[in-house]
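# only geometry, no sequence info:
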Ligand code: DGP
């Protein structure tokens, strides 16, 4: 756990969040500033600042985060209508919290390319 990390504190239960699902390795909770009717963040409990900090040994964890997004999309009723699972890396891509997280967004039509 990184002492000054917001998402480490959420994962540890030190800062409240609306948790929707969790497992040994990850926690999923609703985004405080939702960009779609469903907007959930899936974070590893382990502190990893960005995707750039992951090596080949992170492949399993990354896969399980995406599979968690798939399961939660089904729970939220957006699996068939469609959803997006995205991971922003570094400020140029919009990352503002430096503890990796998958955004699960759905419940509305989405454009491409993203802004
Ligand atoms: P990103 O910009 O990709 O790093 O996404 C960070 C997201 O985290 C952003 O959509 C807003 C969300 N967020 C920031 N602070 C909090 C918080 O305290 N609680 C919750 N639930 N979400 C937060």
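Nice, thanks for sending it over. In this text the structure is predicted, and so the values were computed from the model without any measurement. Numbering: from 1, shown residues only.

# Show the model's pLDDT score for the closest residue to residue 82 other than its chain neighbours.
Sequence neighbours aside, residue 106 is the residue nearest to residue 82 in space, at 6.4 Å (criterion: C-beta to C-beta, 6 or more residues apart in numbering). In short, each C-beta sits where N, CA and C put it, glycine included. Confidence at residue 106, expressed as pLDDT, is 98.

# With residue 3 instead?
86.

# Which elements pack onto the longest helix anywhere in the chain?
If you go by DSSP state H, the chain has its longest helix at helix 59-76. Judged by 3 or more C-beta pairs under 8 Å, 6 or more residues apart in numbering; DSSP states H and E, the packing partners of helix 59-76 are strand 19-22, strand 26-30, strand 38-44, strand 83-86, strand 102-106.

# Mind checking the pLDDT average for the first one?
Strand 19-22 shows a mean pLDDT of 98.

# for the fourth one, same thing?
Regarding strand 83-86, the rounded mean pLDDT is 98.

# Could you give the number of residues near residue 4?
Neighbourhood size, residue 4 [other C-beta atoms under 10 Å]: 7.

# residues touching the closest residue to residue 29 other than its chain neighbours, list them.
Distances taken as C-beta to C-beta, 6+ apart put residue 17 closest to residue 29, at 3.9 Å, once the chain neighbours are dropped. Neighbour list for residue 17: 10, 29-30, 32 [criterion: C-beta atoms under 8 Å, 6 or more residues apart in numbering].

# what two of those residues are the furthest from one another?
Using C-beta to C-beta, those span at most 11.0 Å, a distance reached by 10 and 30.

# Compare those two and say which is more crowded by neighbours.
Counted by other C-beta under 10 Å, residue 10 and residue 30 do not tie: residue 10 has more neighbours, with 19 against 14.
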